[in-house]
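Asker: Quick one, fold the following:
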Amino acid sequence: MDLFFIIIISIISLGALFGLIRFIKGPTTSDRVVALDTLSAMLIAVLVLLAFIFDRYIYIDVSLIYAVLGFIGIITIARYLEGGI
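Answerer: Purely as a prediction, here's the structure:
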């Protein structure tokens, strides 16, 4: 594996660790929702990176579906917290 991919995965892992800490420690529910959305975006980035590393482009399709479902989920949670549902 190339050094570039190792550095990128390390940066994403560090960001995911910070997001996980915010998700667990977050003082408000809104902080936890934003941390969950951030972790979702990082997972999407990892899936795209793995698609390029392993030369399996089906992972890109999976990441696109996950992005759409994650967006719908975050919108649903935001509407629930706002009291609209």
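Asker: how would you label residue 84: helix, strand or coil?
Answerer: When classified by DSSP: H, G, I helix; E, B strand; the rest coil, residue 84 comes out as coil.
Asker: what's around it, how many residues?
Answerer: Using other CB atoms under 10 Å, residue 84 has 8 other residues around it. Yep, even glycine has a C-beta here, placed from its N, CA and C like the rest.
Asker: Kindly report the same for residue 24.
Answerer: 9.
Asker: Then residue 11?
Answerer: Residue 11: 12 neighbours (other CB under 10 Å).
Asker: tell me which element it is part of?
Answerer: Using DSSP states H and E, the element containing residue 11 is helix 3-25.
Asker: can you list the residues that contact that helix?
Answerer: For helix 3-25, the surrounding residues in contact (CB atoms under 8 Å, 6 or more residues apart in numbering) are 31, 32, 34, 35, 36, 38, 39, 42, 45, 46, 49, 53.
Asker: rerun at 7 Å
Answerer: 31, 32, 35, 36, 38, 39, 42, 45, 46, 49, 53 (CB atoms under 7 Å, 6 or more residues apart in numbering).
Asker: could you dump those to TSV with secondary structure and distance to residue 80?
Answerer: Formatted as TSV, the contacts of helix 3-25 follow (DSSP: H, G, I helix; E, B strand; the rest coil; distance: CB to CB, whole Å):
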residue	secondary structure	distance to residue 80
31	helix	16
32	helix	13
35	helix	17
36	helix	13
38	helix	19
39	helix	19
42	helix	23
45	helix	27
46	helix	28
49	helix	32
53	helix	37
